[in-house]
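[1] Next comes the sequence, and after it the predicted model I'd like to discuss.
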Amino acid sequence: MSRCKKVSGDTVTLEIAEIDHPEVDTPDSDPNDKVYRTMYTREHEEALDSIFAREQQITTYQKEVKPYKKFIQEYIGDMDGMITGKYHVNYTKEEPNTFDSASFKKDHPALYAKYTKTGSRRKLLISRKA
């Protein structure tokens, strides 16, 4: 079933659908169950189209620029960079220190557990339906 609403002279169709999953957790619900929204507006779909298209463009551009970067890096070689009429390029070596948490956890499980903090974040992943 659907209903129409006038917005700035355009007709926006809002989908009204039964939602198979609860919108909020209930006491019996498994916290690992995923809950998806099934109602959306044209603006939501257009926003997702824009995000998806731009992320595809970024991926394409990143692939296209790789051989150019390699060409410049090979030319610079062991030098610190290069200067041209329009560009100043730095090519620096980084040697970051990293902490081997897997080995530390294996060697000192109690200390690892004591100082481990659990965080929470959400990642937005968008994929186009086949």
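    Yep, that arrived.

[2] Compute the first-to-last residue distance for stretch 71-87.
    15 Å (CA to CA, to the nearest Å).

[3] mean confidence score for that stretch?
    Stretch 71-87 carries an average pLDDT of 95.

[4] how distant is it from the center of its chain?
    32 Å (CA atoms, centre = their mean, to the nearest Å).

[5] Identify the residues contacting it?
    88-92 (CB atoms under 8 Å, 6 or more residues apart in numbering). All C-beta atoms are positioned from the backbone trio N, CA, C, and that covers glycine.

[6] Would you map the strands across the chain?
    2-7, 10-15, 81-83, 88-90 (DSSP state E).

[7] What about I76, how many residues nearby?
    Other residues lying near I76 total 14 when counted by other CB atoms under 10 Å.

[8] My error: substitute F52 in the last question.
    Going by other CB under 10 Å, the residues that sit close to F52 add up to 13.

[9] which residues does the spatially closest residue to it that is not a sequence neighbour contact?
    Distances taken as CB to CB, 6 or more residues apart in numbering put I126 closest to F52, at 5.4 Å, once the chain neighbours are dropped. Neighbour list for I126: 48, 51-52, 55 [criterion: CB under 8 Å, 6+ apart].

[10] Next: L48.
    I126.
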